[in-house]
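K.L.:
A structural model of the following input is requested.
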Amino acid sequence: MFGYVVGVIGLGVNDFWNLDDKELLAIIEEYETNNEQRLKFDLEQNRLSSFYSVAVHNGKIKNPKKLYKFEWEKSDFKLTPELFDKYVSIIGIPKGIEVIV
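P.N.:
Residues are numbered from 1 along each chain as shown. This next block holds a predicted model:
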(Lines give C-alpha, C1' and ligand atoms only; values in the text may rest on other atoms or scores of the structure.)
Protein backbone atom coordinates (compact mmCIF):
# COMPACT_ATOMS: atom_id res chain seq x y z
CA MET A 1 0.00 0.00 0.00
CA PHE A 2 2.91 2.33 0.71
CA GLY A 3 4.16 2.02 -2.88
CA TYR A 4 0.71 2.75 -4.31
CA VAL A 5 0.01 5.80 -2.15
CA VAL A 6 3.48 7.32 -2.45
CA GLY A 7 4.37 6.16 -5.98
CA VAL A 8 1.06 6.31 -7.82
CA ILE A 9 -1.01 8.85 -5.90
CA GLY A 10 2.02 11.00 -5.15
CA LEU A 11 1.60 11.53 -1.42
CA GLY A 12 4.77 12.42 0.47
CA VAL A 13 6.49 9.79 2.61
CA ASN A 14 6.08 11.79 5.82
CA ASP A 15 2.46 12.53 5.00
CA PHE A 16 1.82 8.82 4.48
CA TRP A 17 3.17 7.88 7.90
CA ASN A 18 1.17 10.66 9.61
CA LEU A 19 -2.19 9.43 8.26
CA ASP A 20 -4.58 7.28 10.22
CA ASP A 21 -6.47 4.41 8.56
CA LYS A 22 -9.64 6.39 7.79
CA GLU A 23 -7.70 9.23 6.17
CA LEU A 24 -5.65 6.80 4.10
CA LEU A 25 -8.74 4.97 2.86
CA ALA A 26 -10.46 8.28 2.06
CA ILE A 27 -7.47 9.40 -0.03
CA ILE A 28 -7.36 6.11 -1.95
CA GLU A 29 -11.12 6.14 -2.53
CA GLU A 30 -11.07 9.72 -3.79
CA TYR A 31 -8.12 8.97 -6.09
CA GLU A 32 -9.91 5.94 -7.57
CA THR A 33 -13.13 7.94 -8.03
CA ASN A 34 -11.18 10.66 -9.80
CA ASN A 35 -9.54 8.08 -12.10
CA GLU A 36 -12.92 6.56 -12.90
CA GLN A 37 -14.41 9.97 -13.75
CA ARG A 38 -11.39 10.83 -15.91
CA LEU A 39 -11.71 7.52 -17.76
CA LYS A 40 -15.43 8.10 -18.39
CA PHE A 41 -14.68 11.60 -19.67
CA ASP A 42 -11.99 10.30 -22.02
CA LEU A 43 -14.28 7.59 -23.38
CA GLU A 44 -17.17 10.01 -23.89
CA GLN A 45 -14.83 12.43 -25.63
CA ASN A 46 -13.68 9.60 -27.88
CA ARG A 47 -17.30 8.71 -28.67
CA LEU A 48 -18.12 12.33 -29.53
CA SER A 49 -15.12 12.51 -31.86
CA SER A 50 -16.20 9.24 -33.49
CA PHE A 51 -19.75 10.55 -33.82
CA TYR A 52 -18.64 13.63 -35.73
CA SER A 53 -16.48 11.50 -38.01
CA VAL A 54 -19.41 9.17 -38.78
CA ALA A 55 -22.19 11.78 -38.83
CA VAL A 56 -20.71 13.47 -41.88
CA HIS A 57 -21.29 10.31 -43.91
CA ASN A 58 -24.37 8.91 -42.19
CA GLY A 59 -27.36 11.16 -41.55
CA LYS A 60 -29.25 8.48 -39.62
CA ILE A 61 -27.20 8.87 -36.45
CA LYS A 62 -28.38 12.07 -34.74
CA ASN A 63 -26.90 11.61 -31.28
CA PRO A 64 -23.52 10.33 -30.03
CA LYS A 65 -25.30 7.97 -27.63
CA LYS A 66 -26.96 6.32 -30.64
CA LEU A 67 -23.50 5.43 -31.95
CA TYR A 68 -22.76 3.21 -28.95
CA LYS A 69 -23.66 3.15 -25.25
CA PHE A 70 -21.40 2.56 -22.32
CA GLU A 71 -22.35 0.23 -19.50
CA TRP A 72 -22.54 3.08 -16.98
CA GLU A 73 -25.28 4.69 -19.08
CA LYS A 74 -27.45 1.70 -18.36
CA SER A 75 -29.46 1.75 -15.14
CA ASP A 76 -27.81 -1.18 -13.33
CA PHE A 77 -24.15 -0.44 -14.09
CA LYS A 78 -21.26 -1.10 -11.69
CA LEU A 79 -17.68 -0.50 -12.86
CA THR A 80 -15.69 -3.64 -12.11
CA PRO A 81 -11.91 -3.95 -12.36
CA GLU A 82 -12.38 -6.05 -15.51
CA LEU A 83 -14.47 -3.33 -17.20
CA PHE A 84 -11.98 -0.69 -16.09
CA ASP A 85 -9.16 -2.66 -17.75
CA LYS A 86 -11.29 -3.10 -20.87
CA TYR A 87 -11.93 0.64 -21.15
CA VAL A 88 -8.31 1.48 -20.50
CA SER A 89 -7.28 -0.86 -23.32
CA ILE A 90 -9.87 0.70 -25.67
CA ILE A 91 -8.49 4.23 -25.39
CA GLY A 92 -4.87 3.12 -25.09
CA ILE A 93 -3.91 4.47 -21.68
CA PRO A 94 -0.81 2.68 -20.45
CA LYS A 95 -1.25 0.66 -17.28
CA GLY A 96 1.52 2.54 -15.49
CA ILE A 97 3.16 1.38 -12.31
CA GLU A 98 2.48 -2.11 -11.05
CA VAL A 99 1.33 -2.04 -7.44
CA ILE A 100 2.92 -4.55 -5.08
CA VAL A 101 1.16 -4.85 -1.74
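
K.L.:
mind checking the SS state of the residue of the chain most remote from its centre?
P.N.:
In the chain, Gly59 marks the outermost C-alpha relative to the chain mean, sitting 31.2 Å out by Cα atoms, centre = their mean. Here Gly59 is recorded as coil under DSSP: H, G, I helix; E, B strand; the rest coil.

K.L.:
check the gap between Asn35 and Phe51 for me.
P.N.:
Distance from Asn35 to Phe51, counting by Cβ to Cβ, to the nearest Å: 25 Å. In short, each C-beta sits where N, CA and C put it, glycine included.

K.L.:
the more surrounded of these two?
P.N.:
Between Asn35 and Phe51, counting by other Cβ atoms under 10 Å, Phe51 is the more crowded of the two (19 against 15).

K.L.:
who touches that one in this structure?
P.N.:
61, 63-64, 67 (Cβ atoms under 8 Å, 6 or more residues apart in numbering).

K.L.:
are any of those buried, and which?
P.N.:
Listed as buried from the contacts of Phe51 are Pro64; burial here means 16 or more other Cβ atoms under 10 Å.

K.L.:
pick the one among the contacts of Phe51 closest to Leu19.
P.N.:
Nearest to Leu19 out of the contacts of Phe51 is Pro64 (Cβ to Cβ; 41.3 Å).

K.L.:
what sits against that closest one?
P.N.:
By Cβ under 8 Å, 6+ apart, Pro64 lies in contact with 44, 47-48, 50-51.

K.L.:
10 Å instead, please
P.N.:
44, 47-52, 54-55 (Cβ atoms under 10 Å, 6 or more residues apart in numbering).

K.L.:
which of those count as buried?
P.N.:
47, 51, 55.

K.L.:
in helices only, show me those residues.
P.N.:
The helices, defined by DSSP state H, take in 47, 51, 55 from those.
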